[in-house]
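1. Next input, structure requested:
(one chain, ligands or ions: 1)
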Amino acid sequence: MSDEAERKMQFLYALRSKGVTDSRVLTAMEKVDRGPFIRGIFADRAYEDMPLPIACGQTISQPSIVGLMTQALQVSARDTVLEVGTGSGYQAAILSQLARRVYTVDRHRRLVREAREIFDALKLSNITAFTADGSFGLPDQAPFDRILVTAAAEDPPGPLLAQLKIGGIMVLPVGQSDTVQSLIRVTRSESGFEYDELRPVRFVPLVEGLGRD
Ligand code: SAH
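-> Numbering: from 1, shown residues only. Sure, this is the predicted structure:
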């Protein structure tokens, strides 16, 4: 077996052993190479199941967490999805394989610019990336079938709840930064919002305003 095939097999094995079992999610993660989303000295660790540093003091999430969050979001092929926290762009690229349209926002211009370059190079034409404070969502593109937040807020931001369709699902980490946070799933029905706690996680905080970069 080639080194690449073996690396890919180990990558998928790590995902499965940590509970990523949805075959559509696994296929998407098999298809989108994590390599291009990691630059510089950590590039050779792209296939390990670890979070890694990216520009602007942020992190690309651990692949198994990307898989578990994507699985919890239950994306279908007709969905319009909002991701808050573009970071490297890897999570948005995975979502782009499963959804009709993906909007992703980050408060750092540089991260958005670099992620767009990768989306273009990989011809992921159903992703649109914006620089914005994602805690306000994207009012012009709302409402969304699915919302995924990849930075931790103390509570689910009100504008994001408001921009979720009836029948929609939002997955997000909540809790104070620097402590263990909980990944929660919010489901919106006619009668209101239902909250499920999924697992402990650790994310960088959701920060107000735009980055100074
Ligand atoms: N999903 C990313 C990892 C995200 S790390 C990936 O796949 O690589 C969290 C990101 O959230 C960081 O890039 C950070 O800049 C961004 N962020 C934090 N607060 C934000 C806010 N209010 N609005 C938009 N992005 C925010």
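2. now the strands for the protein?
-> 52-53, 59-60, 80-84, 101-106, 127-131, 144-149, 164-174, 181-189, 192-201 (DSSP state E).
3. export these to TSV and tack on mean neighbour count?
-> Backbone N, C-alpha and C define where each C-beta goes, glycine included. Formatted as TSV, the strands of the chain follow (neighbours: other C-beta atoms under 10 Å):
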stretch	mean neighbour count
strand 52-53	16
strand 59-60	20
strand 80-84	25
strand 101-106	26
strand 127-131	19
strand 144-149	25
strand 164-174	20
strand 181-189	18
strand 192-201	13
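4. and residue 155, which of those is closest to it?
-> Closest to residue 155 of the strands of the chain is strand 164-174 (C-beta to C-beta; 6.3 Å).
5. Let me see the contact set for the most centrally placed residue in the chain.
-> Residue closest to the mean C-alpha point of the chain, counted by C-alpha atoms, centre = their mean, is residue 91 at 3.9 Å. Neighbour list for residue 91: 61, 66, 69-70, 83, 85, 104, 148, 150 [criterion: C-beta atoms under 8 Å, 6 or more residues apart in numbering].
6. low pLDDT regions in the chain?
-> Applying pLDDT under 70 to the chain flags no residue at all.
7. Nearest to residue 44 among the strands of the chain would be which one?
-> That would be strand 52-53 among those, by C-beta to C-beta, at 10.5 Å.
8. Can you pull up the residues of this structure that come close to the ligand?
-> 58-61, 84-85, 87-88, 90-91, 105-108, 111, 133-135, 150-151, 204, 206-207 (C-beta under 6 Å from any ligand atom).
9. Can you flag the buried ones in those residues?
-> 58-61, 84-85, 87-88, 90-91, 105-108, 111, 133-135, 150-151, 204, 206 (16 or more other C-beta atoms under 10 Å).
10. Okay, and which of these map to helices?
-> Using DSSP state H, the members of these that fall within helices are 90-91, 111.
11. With distance to residue 28 added, can I get these in a markdown table?
-> Shown next, in a markdown table, are these (distance: C-beta to C-beta, whole Å):
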| residue | distance to residue 28 |
| --- | --- |
| 90 | 11 |
| 91 | 11 |
| 111 | 21 |
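12. Check the protein for its longest helix and report it.
-> When the chain is parsed with DSSP H, its longest helix is helix 3-17.
13. Please name every helix or strand in contact with that one.
-> helix 23-31, helix 63-73 (3 or more C-beta pairs under 8 Å, 6 or more residues apart in numbering; DSSP states H and E).
14. Mind listing residues that contact the last one?
-> Contacts to helix 63-73, defined as C-beta under 8 Å, 6+ apart, come from residues 11, 14-15, 18-22, 25-26, 28-29, 34, 49, 51, 61, 81, 90-91, 94-95, 98, 146, 148, 150, 169, 171, 183, 185, 198-199, 201.
15. Done for today, thanks.
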